[in-house]
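K.L.:
quick one: sequence and predicted model below, then my questions.
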There are 2 protein chains.
Amino acid sequence: MQDGPKATLRDVARAAGVSAATASRALNGSARNVRQENIARVLEAAAALNYEPHLSAQAIARGSTSTVALVVSGVDDPYFSSIAAGVAAGAEAADLTVTMAVSDRSPERELQIVRTLRGHRPRAIILTGSRIEGADTRDALIEELTAYRTAGGSVVMISQPDLPFPTVAIDNAGGARRLAQALVGRGYRRFAVICAADRIRTSRDRCQAFVTGVREAGLREPLVAEAEFTRAGGYAAARVLIARGALAGEDPIEVVFAVNDVMAIGAMTAFRDAGLAPGGGVAVAGFDDIAAALDVVPALTSVSVPLRAVGEYAIELALSEADPTRVVPVATTIALRESTPPLR
Amino acid sequence: MQDGPKATLRDVARAAGVSAATASRALNGSARNVRQENIARVLEAAAALNYEPHLSAQAIARGSTSTVALVVSGVDDPYFSSIAAGVAAGAEAADLTVTMAVSDRSPERELQIVRTLRGHRPRAIILTGSRIEGADTRDALIEELTAYRTAGGSVVMISQPDLPFPTVAIDNAGGARRLAQALVGRGYRRFAVICAADRIRTSRDRCQAFVTGVREAGLREPLVAEAEFTRAGGYAAARVLIARGALAGEDPIEVVFAVNDVMAIGAMTAFRDAGLAPGGGVAVAGFDDIAAALDVVPALTSVSVPLRAVGEYAIELALSEADPTRVVPVATTIALRESTPPLR
DNA sequence: CCTTCGTGGGAAAACGCATTCCAACACATT
DNA sequence: AATGTGTTGGAATGCGTTTTCCCACGAAGG
């Protein structure tokens, strides 16, 4: 427990009988040549002393680090953890360390995190999570990120092409619209949508596009219920729909679209708890196609997003010095499953 | 994109008309006193220049950082992401940044990660994920971690009290044993277990304890099927059980215990795919009580582990300079649900 | 009026490393 | 033998901070 002195480069150099400069060159194969014999001796000494270079010192000496920072809204949300997995994989491939921070969906917290992160001078900052409109931190965030970029870092957003930075943009609108069409194709006519607050872009985009899809089919405007962007929110919204009697009567809602899978799963559970049989009851569809969508019964119809790949794209984009307006679109595909069986 | 010069402490000092020393003292309220007026001017200058201290430089100057490193086996596994969430929360409370690395369940990779991490000189390294026996990296890992600790860092394990470091130990054995008893209490008599390779301690502990529980009840030894420690593994093992005819015949298996929830859910899906009705078919139980256990139908019986809390304990433990043999036990509780309805 | 504090500011040394520059040397070429 | 060329080691410098250490100043005490 007592602070044993950690071996430093000088120690290694001394043990190997060379200068610090030579040791440095030997250790990280510099452009400069070092005699084989010396290299061997340095390596040996380093191993013997259990030497590990002080990354902070390296960072300060060379003026650049080898870490990327990832800020997510919440780790235990499968959406983010899948993206994080992709980022981690991409980072490993590029030999980078990833530091992660959780914003808990709060724009203020997000801003504060970016500020702190900036101090780490990471190679890149990857910001994931829906943009939130009307957040009064927006300008401050842009300023912070811009400052970071002009200092040589690169910024990547995973969300909506809203801020002036390269972004990996998931095709929310297209997916939601095509999902609506697909459901119409399966014979559904009466829709409801469970969405989150309108200022959450992801929710709004998906919601509006779905409504558009339904409208384009010449069908009645969907009923909309608003709730938190979480499983509990989905559950609550479903209960509201039930309480309103939307699922009963002579003209009941046939299918409910929730703007993400965790909400959809919450809603499914609510319906089941209310005694609405999965088969004969109301159909449910979600968005994101998280792993759990397949484990739930009936399997959840969803819009598939290649989440892991999204994370990997983000790393690529970050490392490529892309211009600020660059947008990498990510296509989504419809996965029709048993939660929305063909009607009639 | 051009590398704009980043504002440095000297810049701030110059702008405020003071020396770098004073600026430093003003910025992070040192023990030394600084005149109010100067403090104000420095703060003002810092804000104007959008100054952010270079954390690496700070680290090197004060000889300590404010980050903790977390190494997990996989982010997209709900088990780890819940723990990660706890760690992130605890870290935030202590004003620490967390850097995360993914070992993909490979001991070699884990070792390599620890080595790299050591270079970051974090305040603590938290290692999660089952210890794997017979791994020839074990000694190297211990050596590495010991070196790290004698250099002033603290190490915390979240797993089995196996390595000579403080560890947060989940009561796997107790939970599995009590689960067996509870199932016996519900009338089950014929058991099967789906576990992972024996050298994965977590799996082995849970498996053995469950078997012990069954044995103590004077019942027939459970059938054991081995598979990967993943959802797919659970699915595969379930298929093996089906293929062996263990669920049919005059003396069929009544309940299958999988050593973690993702495996259990995979198994449930396999049974359902095979046409075994959830109600009338085979019962299933898991371990960990991940969020999905409640969303699945029928809701999964499991052993509840306070995963978030585990993460928070780990941070606490890391910050408390605990002695190497300190073990924080984490109790588990049985959550009986519809996947194991009372029999007869 | 001269010493002794206490207060707050600045110059400079460290921190651990990479890198630039210079010196030394060996060797080949005239 | 004198000069050029290429190779390798070391001393010195710098990176952005914090932290001694010293110094100037004014107040209090004699």
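P.N.:
Everything's here; your move. Not measured: the values here are computed from a predicted model. Residues are numbered from 1 along each chain as shown, chains lettered A, B, ... in the order given.
K.L.:
three-state assignment of whatever residue of the stretch 201-344 of chain A ends up closest to DNA strand D?
P.N.:
Distance from DNA strand D to each residue of the stretch 201-344 of chain A (CB to the nearest atom of the strand) is smallest for A:Glu321, at 20.7 Å. No exception for glycine: its C-beta is placed from N, CA and C like everyone else's. Of the three states, A:Glu321 takes coil under DSSP: H, G, I helix; E, B strand; the rest coil.
K.L.:
so it touches A:Ser154, yeah?
P.N.:
Yes - between A:Glu321 and A:Ser154 a contact is recorded at 6.4 Å, counting by CB atoms under 8 Å.
K.L.:
comparing the two, which residue is more hemmed in?
P.N.:
Between A:Glu321 and A:Ser154, counted using other CB atoms under 10 Å in any protein chain shown, A:Ser154 has the larger neighbour count: 22 against 10.
K.L.:
give the contact list for the more buried one.
P.N.:
Applying CB atoms under 8 Å, 6 or more residues apart in numbering or on different chains to A:Ser154 gives the contacts A:123-125, A:166, A:318-319, A:321-322.
K.L.:
could you pick out which of the residues you listed are near chain B?
P.N.:
A:Glu321 (CB under 8 Å from any CB of the partner chain).
K.L.:
quick check: residues of the stretch 1-150 of chain A near DNA strand C?
P.N.:
Within the stretch 1-150 of chain A, the positions near DNA strand C by CB under 7 Å from any atom of the strand are A:6, A:8-10, A:20-21, A:24-25, A:27-28, A:30, A:32, A:51, A:53-54, A:57-58, A:60-62.
K.L.:
buried subset of those?
P.N.:
Burial by neighbour count, 16 or more other CB atoms under 10 Å in any protein chain shown: within these this picks out A:6, A:9, A:24-25, A:27, A:51, A:53-54, A:57-58, A:60.
K.L.:
pick out whichever of the residues you listed sits closest to DNA strand D.
P.N.:
Taking CB to the nearest atom of the strand as the measure, DNA strand D lies nearest A:Ile60 of those, at 4.1 Å.
K.L.:
and the helix or strand the closest one falls within, C-alpha only, in CSV?
P.N.:
According to DSSP states H and E, A:Ile60 maps onto helix A:55-62. Output in CSV follows, covering the C-alpha atoms of helix A:55-62 (Å, rounded to 0.1, in the frame of the first residue of the first chain):
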residue,chain,number,x,y,z
LEU,A,55,0.6,8.2,-20.6
SER,A,56,0.0,11.7,-19.2
ALA,A,57,3.6,12.6,-19.6
GLN,A,58,3.6,11.2,-23.1
ALA,A,59,0.5,13.2,-23.9
ILE,A,60,2.0,16.3,-22.7
ALA,A,61,5.3,15.7,-24.4
ARG,A,62,3.9,14.9,-27.8
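K.L.:
that helix and DNA strand D in contact?
P.N.:
Yes - for helix A:55-62 and DNA strand D, the contact criterion (CB under 7 Å from any atom of the strand) is met by A:60-61.
K.L.:
quick one, the helix or strand following that helix and helix A:55-62 angle?
P.N.:
Next helix or strand after helix A:55-62 toward the C-terminus (DSSP H and E): strand A:67-72. Angle, strand A:67-72 to helix A:55-62, by axes from the mean of the first three to the mean of the last three CA atoms, to 10 degrees: 120 degrees.
K.L.:
where does A:Ala169 land in three-state SS?
P.N.:
Secondary structure for A:Ala169, judged by three-state DSSP, is strand.
K.L.:
that one contacts A:Asp162, doesn't it?
P.N.:
No - assessed by CB under 8 Å, A:Ala169 is found out of contact with A:Asp162, at 9.3 Å.
K.L.:
all the helices of chain A, residue numbers only.
P.N.:
Secondary structure of chain A (DSSP state H): helices located at A:9-16, A:20-27, A:36-49, A:55-62, A:78-93, A:107-120, A:138-150, A:172-185, A:201-216, A:231-243, A:261-273, A:307-319.
K.L.:
output the second one as CSV, restricted to C-alpha atoms.
P.N.:
Once side chains and other backbone atoms are set aside, the C-alpha atoms of helix A:20-27 remain, and they are given as CSV (Å, rounded to 0.1, in the frame of the first residue of the first chain):
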residue,chain,number,x,y,z
ALA,A,20,16.9,8.5,-21.3
ALA,A,21,16.8,9.6,-24.9
THR,A,22,18.0,6.3,-26.2
ALA,A,23,15.6,4.5,-23.9
SER,A,24,12.8,6.5,-25.3
ARG,A,25,13.8,5.8,-28.8
ALA,A,26,14.2,2.1,-28.1
LEU,A,27,10.9,1.8,-26.4
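K.L.:
pick out the residue of chain A closest to DNA strand D.
P.N.:
Residue nearest to DNA strand D within chain A: A:Asn33 (2.6 Å; CB to the nearest atom of the strand).
K.L.:
in the stretch 101-250 of chain A, what residue lies closest to chain B?
P.N.:
The minimum distance from the stretch 101-250 of chain A to chain B, using CB to the nearest CB, falls at A:Thr150 (3.6 Å).
K.L.:
give me the neighbour count for that residue.
P.N.:
For A:Thr150, using other CB under 10 Å, the count is 15.
K.L.:
swap in A:Gln208?
P.N.:
Neighbourhood size, A:Gln208 [other CB under 10 Å]: 17.
K.L.:
how about it, nearest residue that isn't a chain neighbour?
P.N.:
A:Ala173 (7.4 Å; CB to CB, 6 or more residues apart in numbering or on different chains).
K.L.:
and for A:Arg204?
P.N.:
In this structure, A:Arg204 finds its nearest non-sequential neighbour in A:Asp198, 5.2 Å apart by CB to CB, 6+ apart.
K.L.:
so what pLDDT did the one you found get?
P.N.:
Listed pLDDT for A:Asp198 reads 94.
K.L.:
who's in contact with it?
P.N.:
A:133, A:204, A:226.
K.L.:
residues in contact with the one residue in the stretch 201-344 of chain A that gets nearest to DNA strand C?
P.N.:
Evaluated by CB to the nearest atom of the strand, the stretch 201-344 of chain A has A:Leu319 as its residue closest to DNA strand C, separated by 18.6 Å. A:Leu319 makes contact with A:94, A:123-124, A:154 under the criterion CB under 8 Å, 6+ apart.
K.L.:
how much space separates A:Gln36 from A:Ala274?
P.N.:
Per CB to CB, to the nearest Å, A:Gln36 is found 76 Å from A:Ala274.
K.L.:
my guess is A:Ala173 meets A:Cys207, correct?
P.N.:
No - A:Ala173 lies out of contact with A:Cys207 (CB under 8 Å); the separation is 10.0 Å.
K.L.:
tell me which of those two has more neighbours.
P.N.:
Between A:Ala173 and A:Cys207, counted using other CB under 10 Å, the more crowded position is A:Cys207 (26 against 19).
K.L.:
burial count for the residue of chain A closest to DNA strand D?
P.N.:
The local packing of A:Asn33 (other CB under 10 Å) involves 9 other residues.
K.L.:
what of A:Pro298?
P.N.:
For A:Pro298, the tally of surrounding residues (other CB under 10 Å) stands at 16.
K.L.:
and A:Ala94, by the same measure?
P.N.:
Neighbours around A:Ala94, by other CB under 10 Å: 14.
K.L.:
then A:Thr22?
P.N.:
For A:Thr22, using other CB under 10 Å, the count is 20.
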